[in-house]
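Undergrad: Model the structure of this input:
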Amino acid sequence: MRPTPRVETFPANTPAVSQIFTTVLSQGPLTRLEVARRAGLSPAAVTKAVRPLIEAGYLVEDTAEETRPALGRPANPVRVDGGRALFVGVKVTGDEVIGVLTDLCCEIRAARHVPLADRDPKPVLAAIADLVGELLAEAGKLGVGVHGLGIAVSGDVDRVEGAVRYSPFLEWRDVPLAELAAMTTGLPVTVDNDVRALTVAEQWFGAGVGLSDFAVVTVGAGIGCGLVVHGRVVSGAHGVAGEIGHVTVDPAGPPCHCGNRGCVEAIAGEAAILRRIREATGTQVADATEALDLAHRGVTGAREVYARAGEAIGRGIATVANLLGPERVIISGEGLAAYDLFAEQIRDTFTAAAFGSAAHCDVQTRPLPFEEWARGAAATAIQSFITPDDPHPSR
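TA: From the prediction side, this is the model:
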């Protein structure tokens, strides 16, 4: 693929400008005074920052509404022009590569799926390049430049270095994915853990907007958790913050691939559920769809497996609530297809295990297809474009 050079940078010369733009992006349209209040900055600082953003076309002043000027400053709301820039987000699974083209407000404009026959880095990079090429062609039809590519991968991902340290589902170790993808596509590349990327999308554009402390728990092949504390997505000193999938909830429980026993993932991960259902029912279910069918048909033992999974997830969520006291926990992931089978156990166990006021944490479910995970990857590219020197800026 012919490299596509980056033709411009975001006109933010101070952290305050990035903060102001991010506030409007996630919570706008807002008047300048509302931006100042929410960003904790002076009205004068906001007015000074907004002017070049409007001149560059990233912000638009809505003049349709007649509002009374406040303190001599324009009181018309300002909003982000989503069509001003485009981004590509890619989610890599063990079976396929999912890509989306989004605008600056992370609205999906086009989506593509490419199957993976081989999980080695070279064919995966080729699949990413083909998919990005198709989405760049779509961007060309819109006549708007693509300013970044975000790639989301499960496992231990070093966003600062752009490297996948270890991805168990892809069987990758120490792959410099950002560097390789940038060479292949010609785009600036951001690589992040898939759950953290989804958390960024929820923080800026989803159920976490306006919250300073929340968590995203994903249920599926693995059990993941993204954390936002005081407005920042937490990576931890070693990039593995929020690994509730490997919190021990039953010391006498089944062995986990991490080497411990009774982890949440060893009880509630997809592979664990399939294994337990085969043992409990004597039926060689091939995938989650067949397992769900057995449980919904009331086959003896199948429902009990999901109930135990719900209890493990509930204990994991309670651990997050007890440690961090988030305002909200958002449960997502492909495993929500079984939510009706373990919802009661999740809530009951969470309520019993959460300490004191932590039990009042708002627990929500957000069924999100893999295209939304790719959108999360695009959100990280948008984030890097706006705040290139800080991979996890405060809002």
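Undergrad: Nearest residue to Pro11 in space, please, no chain neighbours.
TA: Excluding its sequence neighbours, the residue lying closest to Pro11 (CB to CB, 6 or more residues apart in numbering) is Ala56, at 4.7 Å. C-betas here are computed from N, CA, C, even on glycine.
Undergrad: Let me know how buried the one you found is, in neighbour terms.
TA: 14 (other CB atoms under 10 Å).
Undergrad: got it, and Asp118?
TA: Using other CB under 10 Å, Asp118 is surrounded by 10 other residues.
Undergrad: what residues are up against it?
TA: Val124 (CB atoms under 8 Å, 6 or more residues apart in numbering).
Undergrad: what helix or strand does it sit in?
TA: Secondary structure assignment for Asp118, by DSSP states H and E: no helix or strand.
Undergrad: hey, where'd the strands end up in the stretch 51-200 of the chain?
TA: 59-61, 78-80, 86-92, 96-103, 108-115, 146-153, 156-158, 163-167, 172-175, 189-193 (DSSP state E, counting those that start in this stretch).
Undergrad: so can I have a markdown table of the ones you listed showing distance to Leu294 and mean neighbour count?
TA: Listed next are the strands of the stretch 51-200 of the chain as a markdown table, based on distance: least, CB to CB, whole Å; neighbours: other CB atoms under 10 Å:
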| stretch | distance to Leu294 | mean neighbour count |
| --- | --- | --- |
| strand 59-61 | 54 | 18 |
| strand 78-80 | 48 | 20 |
| strand 86-92 | 29 | 30 |
| strand 96-103 | 26 | 24 |
| strand 108-115 | 27 | 16 |
| strand 146-153 | 32 | 28 |
| strand 156-158 | 34 | 22 |
| strand 163-167 | 30 | 19 |
| strand 172-175 | 33 | 17 |
| strand 189-193 | 32 | 29 |
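Undergrad: To Leu292, which of the ones you listed lies closest?
TA: Closest of these to Leu292 is strand 96-103, at 20.6 Å (criterion: CB to CB).
Undergrad: Identify each buried residue in stretch 179-199, please.
TA: 180-182, 184-199 (16 or more other CB atoms under 10 Å).
Undergrad: for stretch 203-211, same thing?
TA: Residues of stretch 203-211 classed as buried by neighbour count (16+ other CB under 10 Å): 203-208, 211.
Undergrad: ok, now stretch 269-288?
TA: 269-270, 272-274, 276-278, 280-281, 283, 285, 288.
Undergrad: Out of those, which sit inside helices?
TA: 270, 272-274, 276-278, 280-281, 288 (DSSP state H).
Undergrad: thinking again about what came up before, show me the buried residues of stretch 179-199 that map onto helices.
TA: Reading helices off the buried residues of stretch 179-199 with DSSP H, I get 180-182, 184-185, 194-199.
Undergrad: As CSV, these with distance to Ala302 and pLDDT would be great.
TA: As requested, those are exported to CSV (distance: CB to CB, whole Å; pLDDT from 0 to 100):
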residue, distance to Ala302, pLDDT
Leu180, 43, 96
Ala181, 42, 97
Ala182, 47, 95
Thr184, 44, 94
Thr185, 45, 94
Asp194, 29, 93
Val195, 28, 92
Arg196, 33, 93
Ala197, 33, 95
Leu198, 29, 94
Thr199, 32, 94
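Undergrad: out of those residues, who's nearest Thr22?
TA: Thr199 (15.1 Å).
Undergrad: ok now do that closest one, which residues does it touch?
TA: Neighbour list for Thr199: 208, 216, 226-228, 233, 376 [criterion: CB under 8 Å, 6+ apart].
Undergrad: Just grab the bridge partners of the closest residue to Arg366 other than its chain neighbours for me.
TA: Spatial nearest neighbour of Arg366, chain neighbours left out: Ser332 (4.6 Å); criterion: CB to CB, 6+ apart. Ser332 forms beta bridges with Thr218, as assigned by DSSP bridges.
Undergrad: Contact partners for Ser332?
TA: 198, 216-219, 365-368.
Undergrad: Now a ChimeraX select for only the buried ones of those.
TA: Buried residues among the contacts of Ser332 (16+ other CB under 10 Å), as a ChimeraX selection:
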select :198,216,217,218,219,365,366,368
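Undergrad: could you redo the contacts of Ser332 as a markdown table and give each row distance to Val153?
TA: Listed next are these as a markdown table, based on distance: CB to CB, whole Å:
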| residue | distance to Val153 |
| --- | --- |
| Leu198 | 12 |
| Val216 | 16 |
| Val217 | 19 |
| Thr218 | 14 |
| Val219 | 18 |
| Thr365 | 24 |
| Arg366 | 21 |
| Pro367 | 22 |
| Leu368 | 17 |
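Undergrad: quick check, nearest of the contacts of Ser332 to Ala12?
TA: Taking CB to CB as the measure, Ala12 lies nearest Leu198 of the contacts of Ser332, at 24.8 Å.
Undergrad: Glu334 versus that closest one, what's the distance?
TA: Distance, Leu198 to Glu334, by CB to CB, to the nearest Å: 12 Å.
Undergrad: what do you get for Val363?
TA: Val363 is 19 Å from Glu334, by CB to CB.
Undergrad: now do Thr319
TA: Applying CB to CB, the value for Thr319 to Glu334 is 22 Å.
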